[in-house]
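In: With the sequence up front, the predicted model follows.
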Amino acid sequence: MNQLTISLLLSLTVMPLTASAQGLVPTMEREFEFCEDRPLEPDWMQNLTPREASKGMLIQMIYRFQSVEQVTAADNCSCATRFPTWDDAVQRYNDIYLGADENDHREAIGTFRAQYNALRPSARAICEVVGHW
């Protein structure tokens, strides 16, 4: 074996150990710097079929929008305001978009994303004051 081959083999066997030692290996544990008790996304959303993926993305976007909407309306960034339960987002989806097709979902995602992006700077300023951004 030549020197290059030996060096390559050594680096490939040592590299995973180094990455693990540096904490670069992802874990499934949830760790947040603030608002550690934030509600989890509903379990059923993790198990959507590929055909239902747009439904999950729309509910996530509704949730994100409602979060910044509540923060800016209340001028308050408590954990409960910044991270409400998922119930309202799911209910809003069921009231308006249940039965909608994928194109309707994509259009709604774009609308909610635009609304979210419009409110995000204001919500961020409010939340940064209390360290919740």
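Out: Alright, I've got the coordinates.
In: And the next helix or strand past the lowest-mean-pLDDT helix or strand in the chain?
Out: Ranked by mean pLDDT, DSSP states H and E, the weakest helix or strand in the chain is helix 3-21, scoring a mean of 51. Note on helix 3-21: by DSSP states H and E, the next helix or strand toward the C-terminus is helix 43-46.
In: Now do the contacts for Y63.
Out: P84, W86, A89 (Cβ atoms under 8 Å, 6 or more residues apart in numbering). (C-beta placed from N, C-alpha, C; glycine too.)
In: 7 Å - rerun?
Out: Counting by Cβ atoms under 7 Å, 6 or more residues apart in numbering, Y63 makes contact with W86, A89.
In: and it, how far is that from F83?
Out: Y63 is 9 Å from F83, where distance means Cβ to Cβ, to the nearest Å.
In: in the chain, what spans have low per-residue confidence?
Out: Applying pLDDT under 70 to the chain flags residues 1-30.
In: What is the longest helix of it by residue count?
Out: The helix that spans the most residues within the chain, counting by DSSP state H, is helix 102-130.
In: Quick check: the gap between A108 and V71.
Out: For A108, the distance to V71 - Cβ to Cβ - is 21 Å.
In: The two: which is more packed in?
Out: Neighbour totals were compared for A108 and V71, and V71 leads with 25 against 19 (other Cβ atoms under 10 Å).
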